[in-house]
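**Q** My questions are about this predicted structure, shown below with the sequence.
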Amino acid sequence: MFTKDLIDNLLSTSIEENLHKKSEEIKKRDKEINSFITLGIEEAEKASKEIENKIKGNTQGKLSGLVISIKDNIAVSNLRMTCGSKVLENYVAPYDATVTNRIKKQDGIIIGKCNMDEFACGSDGTSSYFGPTKNPRNIEYVPGGSSSGSAASVAADFCDLSLGSDTGGSIRCPASFCGVYGFKPSYGLVSRYGLSDMAMSLEGPGPFAKDTYGIALLLDVIAGKDSRDTVTVEREKLSYTETVEKFNDSDIKKMKIAFAKEFFEGVDEGIKKIILDKIGDLESLGAKIEEVSMPNLKYAIPIYYLVVFSEFSSAMSKFDGFKYGHYVGGQDIVEAVSSTREAAMGTEVKRRVLLGTFVTMEEFRGKWYTKALKARSVIKEDFKRIFNSYDLLIGPTMPTLPWKIGERISDPLSMYSADILTVSANLAGICASSQPIGNLKQLPVGLQLHADSLCESKLLKGMRAVEIACGGM
Amino acid sequence: MVETIINENTIERVSEIARLKLSDKEKIRFRDEFERILEEFSIIDEIKVGDKELYYVVENVNVLREDSSPKPFNKINDIKNNFNKKEDEYIVVPRNL
């Protein structure tokens, strides 16, 4: 397994050298790819020396000096945290997020903060105030978003693992477009303390890696109850990495996997074929595959966006420039806030703040926001029905290949529509993953798996099965 | 067409409530976009729903912590360094009266 071999290799060679190689690559190629907003090389070098010493005494943590990048909406103390926005251009995080803290404790080396769509508003990585991230597989194409820099930095080999966040596909979409592994944990499994909130009931941090083992390793480090985030729950007792290591070909025979035709409607024919071929491979390895239906999938986009707009406009209200962040000022408080927000927020952020305000106004909320909340139950029930009889739900991650940079930026509806296959996992709070299984027109194609809430080990086994079906080590 | 037509007044009010100043050009652009977005989203009227409003997918209630004082946050200066306008130990904001 790639990440496991890498660790074994690092322990016997030098983690300082590994870090050096990565930072050289970043210097050489990140001007073009733009996957980082802020680098922390000095701190990283200091950490690598300390970890090197621990390795000599065999006391190193689970991450053993692997180089890790972190999305810029997750706090790393003393590093700038911009959320991809002018609003927080000069904000320096005063504390570590729980996930950051856990990574440091397990001796991961944090190399820098990743570019992202402004306040995670976007599906292609082009709405950042710090310029678009480019897809390392082909720089004319978008990397996907909103965790664009996390996926791109892993794909470009600027780091070994990355941490992103997923509100409606923000990990899985860029993982699919950049050809890497991405994992959205169940809601409540990973602490959001120190994650700048965008949509509190939908989002959470999650790992990127180059293989299933890497995903399991980072998940082992970040998952579990945190007293600072009261929605977090106890995790399964078993180790995710062991689950992946112990999995073998014969375990595939025990798997019951569903696929829903609705997850293939409107999907690019080439992508459809690659996914269906892989489902065929799993079947010939002994997995039981059956068709089910997901009748309410067509409503997922409006339900999701109505909830996001509402939660987002509320989350953004703290950015008034008074205590921190970009500040314009004015005669009185109302003018000062309104002008500050006008000057600092990008178009998609404004769009969502305004729509969220509109759909929660007293005279409109019944028709839009409350209705969406009620409809959200319908999506959750669809999944519940499927997971009563099956371990996994399989399908594509994205309905299309990555598009060229700039192609969709002026049409919000076409941007939103790209999320059709990913948002329902967030509405239901279940876990889901994306992993590369092939190429089409020299661009990567991602396969998506869903498993029930807090069934991450089932999902990891599924990912491992697909990895094996792809001929992976 | 959606029932709730977003007229000029509505956009003005939304902009005011959201504390987000808009240029005349933006008002026209967003009004037009919002009509299109909401028209497409009105498909949710078709869904047969129950009464349950699902705010959160986890059902944790009354999460209690141990009755002990947590470690105090000791990096106050790191917070103050982010202040835009300060006078001594205070944040300066515009008049509200």
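**A** Happy to help now that I have it.

**Q** rest of the way, CA atoms for contacts and neighbours
**A** Fine.

**Q** quick one: the strands in chain B?
**A** Secondary structure of chain B, counting by DSSP state E: strands at B:86-87, B:90-91.

**Q** if you compare the ones you listed, which one is most tucked away?
**A** strand B:90-91 (a mean of 12; mean count of other CA atoms under 10 Å in any protein chain shown).

**Q** is chain A contacted by that one?
**A** Yes - looking at strand B:90-91 against chain A by CA under 8 Å from any CA of the partner chain, the contacts come from B:Ile91.

**Q** contacting residues around A:Ala97?
**A** By CA atoms under 8 Å, 6 or more residues apart in numbering or on different chains, the contact set of A:Ala97 is A:Ile74, A:Ala75, A:Val76, A:Arg192, A:Tyr193, A:Gly194, A:Leu195.

**Q** Kindly recompute the last result at 7 Å.
**A** A:Ile74, A:Ala75, A:Val76, A:Tyr193, A:Gly194, A:Leu195 (CA atoms under 7 Å, 6 or more residues apart in numbering or on different chains).

**Q** Dump those residues into JSON lines; add neighbour count and secondary structure as well.
**A** Formatted as JSON lines, these follow (neighbours: other CA atoms under 10 Å in any protein chain shown; DSSP: H, G, I helix; E, B strand; the rest coil):
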{"residue": "A:Ile74", "neighbour count": "28", "secondary structure": "strand"}
{"residue": "A:Ala75", "neighbour count": "28", "secondary structure": "coil"}
{"residue": "A:Val76", "neighbour count": "27", "secondary structure": "coil"}
{"residue": "A:Tyr193", "neighbour count": "21", "secondary structure": "coil"}
{"residue": "A:Gly194", "neighbour count": "21", "secondary structure": "coil"}
{"residue": "A:Leu195", "neighbour count": "25", "secondary structure": "strand"}
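
**Q** TSV for those, including pLDDT and distance to B:Arg95?
**A** Formatted as TSV, the contacts of A:Ala97 follow (pLDDT from 0 to 100; distance: CA to CA, whole Å):
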residue	pLDDT	distance to B:Arg95
A:Ile74	98	33
A:Ala75	98	32
A:Val76	98	34
A:Tyr193	97	33
A:Gly194	98	31
A:Leu195	98	32
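
**Q** Widest-spaced pair of these?
**A** Within these, A:Val76 and A:Tyr193 form the most distant pair, 11.6 Å apart (CA to CA).

**Q** wouldn't A:Gly446 be in contact with A:Pro174 here?
**A** No - contact criterion CA atoms under 7 Å: A:Gly446 and A:Pro174 do not qualify, at 9.5 Å.

**Q** A:Val445 belongs to a strand?
**A** Yes - applying DSSP: H, G, I helix; E, B strand; the rest coil, one finds A:Val445 inside a strand.

**Q** On the strand side of things, show who it bridges to.
**A** Beta-bridge partners of A:Val445, counted by DSSP bridges, are A:Gly438.

**Q** Could I get the phi/psi values of the residue of chain B most remote from its centre?
**A** Relative to the mean C-alpha coordinate of chain B, counting by CA atoms, centre = their mean, the farthest residue is B:Ser68 (33.5 Å). Dihedral pair for B:Ser68: phi -140, psi 160, per degrees, to the nearest 10.

**Q** Helix, strand, or coil at the residue of the stretch 151-300 of chain A found nearest chain B?
**A** Nearest to chain B, among the residues of the stretch 151-300 of chain A, is A:Ser201, at 5.6 Å (CA to the nearest CA). Secondary structure state of A:Ser201, per three-state DSSP, is coil.
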